[in-house]
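> Here is the input, now give the coordinates:
(chains A and B)
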Amino acid sequence: MISIRNIVKQYSGHRALDNVSIEIEKGKVFGLLGPNGAGKTSLIRIINQITAPDSGEVLFNGEKLHQLHAEKIGYLPEERGLYKKMEIGEQILYLAQLKGMKKAEALRRAKYWFQKLEIEGWWNKKIEELSKGMQQKAQFVATVLHEPELLILDEPFTGFDPVNAEIIKNEILELNKKGATIIFSTHRMESVEELCDSIALLHKSHKLLDGRVKTIKNSFRNGGYLLEYEGRQIKAGADAPFTIQGEKSVEDGWQMNLKINPGKQVNDVLQYLMPMVGIRKVEEVIPTMNEIFIQTVSEKN
Amino acid sequence: MNKILLIIQREYLSRVKKKSFLVMTILVPVLFIGMISLIAYITAKQNDFGDKRKVEVIDESGRFAGKMKNSKMLEYSVTKENYDNAKNTFIDDGYDYLLFIPANAADVLLLGEKKPSLTTSSKIEDELTNIIRSQRLAEAGIDSAVLAKAQKPISIAAKQLKDGGVKDAHTVVAYGVGFLSAFLIYMCLFIYGTQVMRGVIEEKVSRIVEVIISSVKPFQLMLGKIIGVGMVGLTQFFLWIAISIGLSMALGAGVMKMSGPANPTEIVAQQKAIAGAVDNNAAPAIAEATEKPDNQMSEIMQDIADIRIVYTLSCFVFYFLFGYLLYSAIFAAVGSAVDNETETQQFMLPITLPLVFTFALSQSFIINNPDSNIAFWLSMVPFTSPIAMMIRIPFGVPNWQLALSMGLMIAGFLFTTWVAARIYKVGILMYGKKASYKELAKWFMYKE
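Residues are numbered from 1 along each chain as shown, chains lettered A, B, ... in the order given. Okay, here's the model as predicted:
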C-alpha cells in the first residue's frame, strides 16, 4: 500500500528523518511508534504531502505520491482543529468536498455518521459551542467521511473519555475490516498491542525496529517464566533445569521468576517440581510492547 | 481549480453571512454621507456658529471711527476713553477685545483675555486695511465709482489644452475625485489586508490548517482566501456606492423640497462645499456661488460629467484589485509567521509605512503637484502606486505612464505573491518559533 523509501528530511539545525524506509501492507493496522521528537509527525506529514522529503520517495499503491492521492487519504492530526465559528455540519461538508466528494453524497454520509456517533442533534451548532469530546467526534467524522483507502490517525484517543474511546476504537476496527489501511501513530503502547498488526519504532530520526507485532514479540522472548506454587519455599538443587531469578511469597505459597536452562522445556521444569510442591500457575513471561519499546530505546541511548 | 473555488466560496460566504458585514455595509455610507453633510453644513454656516465678539475701539488717529462695519462675528463700538483706562475696564464692561489704534495708525494693538483666533485678527486687519486703502485712494483723487469697479473680485476659469481644443480643467472636482479614490484604496487595503491576515492566523491557531493542506496545496489555500476576501471587499464596496448614491439622492431631494426654489444659493453652496470639503476654500466658493448661482450649479454638474467616469472607475478597480492582491499576499505571509495577532506588530510597520507615507504625501503634495518627479516615481512603485496614481488620474496622466505603472503593478503583484507564498507555506506549520526577519528569510530559502 505504502512504500516509504530512504526518506531524508532535514530542518534547519537538525535531521528529522534519516534514511527511513518502511513498508505498510494493504488492509493492515500499522503502528508508528516512538518517543516525542522521534520524527513521527514529520513522516506523517510527508505521507500527507504537507511537506516534501529532501530525498527518498513514497509510493502509494506502487505509484509515486501525487496530489490526487490526497483524496484517498484521511488524516487526523494530533493537534485537532476545526473552524471555531463555523457550523459543524457545514464544516464537515466543506472538508469532504475539499477531499473531492460531491456535496449530496457528503451530506448523505455525514448524516449517517452523525447518527452513528449520536451527535445528529448538533448539526447546526458552531464548533466553539461544543464540548471537547463532541469536537473530537466531529473531527473523526471529517477524517473518515470520504471513505479513504488510507487512514492516518495521530494519537486518535486523546481527548476521549473511556466510553467514547471504545466507540471510536470499534469504528476504526470496522473501517479496517471494510478494507481501509490504517496508520496509527502513538506512544501509548497498550493500544498498540490491541490494534496493530505491524509496527515501526522510530527513535531520534532513525528506524530502530519494524515488523509484525507477533514476530517482534517472539524475538524478544528470553525463556523467562512465572510460576506460582502452594506450600513452603523450595530450594532448587544443582540438577534443576532452571535458574531462579526472583522469588516472593504470596498468599499461602510462593511465586518465582525463573529462566529455563538451555536445552530444557517447560515440561522438564514441571516434572522436576511436581513431586515437591503443588503448582498453581505457570506462564511464559513475554515482554509487553511497552517493555520492548523502553528496552530498545534505552539500549540505543 | 475546483478546490480553489470551494475555498473562495467558503471564505466569501462565511464573511458575508456575518452580522458585522451587514452592519458595516449599512453604517459606513450613512456615517460617511452624514459626516460630509455635516462638514458642508458647518462650513456653510460657520459664521452662525462662532460666537459674536465685542470689540471696544480706541481710535487716536481718527481715521477709522464710525467706518468699521459690524459683521456676524464682530461688533465694534468706539470709545473716547484713553488707552490706559480702557485697558483695565474693557473686560468688566462686557467686551472681549480692546482695539487700540495709535495716532500714526501703524502699531495697532488687539488686546484680550483670550488669544484672538486667526480669523478674528485677520478679519480686523482686512477691515482696517480696506478702510485705509480706500481713504488713501480717495485722498489721491480717485473717484469712488472707479474704486468700486477696481475692487470687484475676479474668478479664474482654469482651462486645459487637450486634443487641440480648450477644455475645462475643473480643478475642484479633480481634487475631490482624486482624494476620494485614494482614500478609499488606502482604507480598503488596510481593512481587507488585515482580514486576510486574521483569517490566516485563525487557521493556524485553530490548527485546522494541517487538515486543509492535507487536501489542497498551501498556495491554493492562500490564493482562495485572498480572492474570497477580495470579493467580499468588492461586494461591500459596490453596496456602499449603491447605498451612498441612493442616500444622497434622497437627501438631495429632501433639501430641494425643504428650501424650495426661493433659496437655491444654499443648495449650490452646499454642493460646492461637498465638492470642496477637502480644502478650506469653501468660504470663497460660497461667496462666488452667491454671485452667479445658476451658472455655478450647471458648471459643477458639467465638471462631474466631464471627468471620464468609465476611465476613472476602471483605473480605480484596477488599482484597488492589484493593490489589494499585492498587499494581502504580504499580510497572509505575516499571518502565517506568527502565533497570535499581537506578534504581528513588528511586521506591520514596514508594510504599512509606504501606504501611510504616500497617503500623507498625497493630500498635501501630490494633489498640488500631480506632475512632479516625486509624484511620478511614487505612481510607478507598485507599493505606492495605487494611492499616488489615483490622485494623479483626475488631473490627466499620459497613457505611457499609466501603462508602465500598471505593468509594474502586475509584475510587483506576481513577485510579492511568489515570495509570500514561499514564506506562507513554511510558516503555517511552524508553532512556537519566534519569527524574526532572519527566520523568514530562512523559510523563504527552503527547498520545495
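> hmm, who's touching stretch B:318-326?
B:184-185, B:188-189, B:192-193, B:226, B:230, B:233, B:237, B:382-383, B:385-387, B:389-390, B:406, B:409-410, B:412-413, B:416-417 (CB atoms under 8 Å, 6 or more residues apart in numbering or on different chains). Where C-beta positions appear, they are placed from N, C-alpha and C, glycine not excepted.
> mean confidence for it?
When pLDDT is averaged over stretch B:318-326, the result is 92.
> With stretch B:233-240 instead?
Averaged across stretch B:233-240, pLDDT comes to 87.
> need the residues of chain A near chain B, please.
Where chain A comes near chain B, counting by CB under 8 Å from any CB of the partner chain, the residues are A:12, A:45, A:48-52, A:54, A:67, A:70-71, A:73, A:75, A:77, A:79-86, A:94-95, A:97-99, A:139, A:142.
> can you tell me which residues contact the spatially closest residue to residue B:103 that is not a sequence neighbour?
Closest residue to residue B:103 apart from its sequence neighbours, by CB to CB, 6 or more residues apart in numbering or on different chains: residue B:60 at 4.5 Å. Residues near residue B:60 by CB under 8 Å, 6+ apart: B:83, B:100-103.
> And for residue B:82?
Contacts for residue B:82 (CB under 8 Å, 6+ apart) come out as residue B:58.
> For it, give its distance to chain A.
According to CB to the nearest CB, to the nearest Å, residue B:82 and chain A sit 78 Å apart.
> coming back round to it: could you dump the contacts of residue B:60 to a markdown table with neighbour count and secondary structure?
As requested, the contacts of residue B:60 are exported to a markdown table (neighbours: other CB atoms under 10 Å in any protein chain shown; DSSP: H, G, I helix; E, B strand; the rest coil):
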| residue | neighbour count | secondary structure |
| --- | --- | --- |
| B:83 | 14 | helix |
| B:100 | 19 | strand |
| B:101 | 21 | strand |
| B:102 | 14 | coil |
| B:103 | 10 | coil |
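> Kindly reformat those residues as a markdown table and extend each row with pLDDT.
Listed next are the contacts of residue B:60 as a markdown table, based on pLDDT from 0 to 100:
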| residue | pLDDT |
| --- | --- |
| B:83 | 80 |
| B:100 | 84 |
| B:101 | 84 |
| B:102 | 83 |
| B:103 | 80 |
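> those strands in the stretch 151-300 of chain B, which residues are they?
Under the criterion DSSP state E, counting those that start in this stretch, the stretch 151-300 of chain B contains strands at B:159-162, B:165-168.
> Worst mean pLDDT among those strands?
strand B:165-168 (a mean of 60).
> Which of the contacts of residue B:60 sits closest to residue A:62?
Nearest to residue A:62, judged by CB to CB, of those is residue B:100 at 104.2 Å.
> any idea what sits nearest that closest one, other than its immediate chain neighbours?
Residue B:100 sits nearest to residue B:109 (CB to CB, 6+ apart), 4.2 Å away.
> swap in residue B:204?
Going by CB to CB, 6+ apart, residue B:204 has residue B:428 as its nearest residue, at 5.3 Å.
> Report the buried members of the contacts of stretch B:318-326.
Among the contacts of stretch B:318-326, those classed as buried by 16 or more other CB atoms under 10 Å in any protein chain shown are B:184-185, B:188-189, B:192-193, B:226, B:230, B:233, B:237, B:382-383, B:385-387, B:389-390, B:406, B:409, B:412-413, B:416-417.
> roughly how far apart are the residue nearest to residue B:100 and residue B:90?
Separation of residue B:109 from residue B:90 (CB to CB, to the nearest Å): 12 Å.
> Overlap of the contact sets of the two?
residue B:98.
> Looking at the two now, which is surrounded by more residues?
residue B:90 (23 against 13; other CB atoms under 10 Å in any protein chain shown).
> Surely the more buried one is in contact with residue B:98?
Yes - with contact defined as CB atoms under 8 Å, residue B:90 reaches residue B:98; the gap is 4.5 Å.
> Need the overlap of contacts for those two.
B:56, B:111.
> out of everything not next to it in sequence, what's closest to residue 28?
Went with chain A since none was named. Spatially, and ignoring its direct neighbours in sequence, residue A:28 is nearest to residue A:197 (4.3 Å; CB to CB, 6+ apart).
> Hmm, no, I was thinking of chain B.
residue B:240 (5.9 Å).
> Pull the number of nearby residues for the one you found.
By the measure other CB under 10 Å, the count of residues near residue B:240 is 17.
> now it: how far from residue B:175?
Going from residue B:240 to residue B:175 by CB to CB gives 21 Å.
> Could you do residue B:218 as well?
The gap separating residue B:218 from residue B:175 is 44 Å, by CB to CB.
> How about residue B:73?
Going from residue B:73 to residue B:175 by CB to CB gives 28 Å.
> Then residue B:192?
In this view, residue B:192 and residue B:175 are 26 Å apart by CB to CB.
> list the contacts for residue 221?
You didn't pick a chain, so chain A it is. Here residue A:221 is in contact with A:284, A:286-287 (CB under 8 Å, 6+ apart).
> I was thinking of chain B, sorry if that wasn't clear
B:7, B:203, B:209, B:212-213.
> what are the ranges of the strands in the stretch 51-200 of chain A?
Using DSSP E, counting those that start in this stretch, strands in the stretch 51-200 of chain A cover A:55-60, A:63-64, A:73-76, A:150-154, A:181-186, A:198-203.
> Quick one: these as CSV, columns for mean pLDDT too.
Output for the strands of the stretch 51-200 of chain A, formatted as CSV (pLDDT from 0 to 100):
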stretch, mean pLDDT
strand A:55-60, 92
strand A:63-64, 92
strand A:73-76, 94
strand A:150-154, 93
strand A:181-186, 92
strand A:198-203, 91
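> isn't residue B:21 right next to residue B:232, touching?
Yes - counting by CB under 8 Å, residue B:21 does reach residue B:232; the two are 7.3 Å apart.
> and the longest helix seen in chain A, what does it pack onto?
As assigned by DSSP state H, the longest helix anywhere in chain A is helix A:162-177. Contact analysis of helix A:162-177 by 3 or more CB pairs under 8 Å, 6 or more residues apart in numbering or on different chains; DSSP states H and E lists strand A:29-33, helix A:132-144, strand A:150-154, strand A:181-186, helix A:189-195 as its packing neighbours.
> Could you rerun that using 6 Å?
With contacts defined as 3 or more CB pairs under 6 Å, 6 or more residues apart in numbering or on different chains; DSSP states H and E, helix A:162-177 has no helix or strand neighbours.
> And the pLDDT at the residue lying closest to residue B:127 once chain neighbours are set aside?
Leaving aside its sequence neighbours, residue B:127 sits nearest to residue B:68 (CB to CB, 6+ apart; 5.8 Å). If you check residue B:68, the pLDDT there is 78.
> what about residue B:68, which SS state?
coil (DSSP: H, G, I helix; E, B strand; the rest coil).
> That one touches residue B:76, doesn't it?
Yes - look at residue B:68 against residue B:76 with CB atoms under 6 Å: they come within range, at 4.5 Å.
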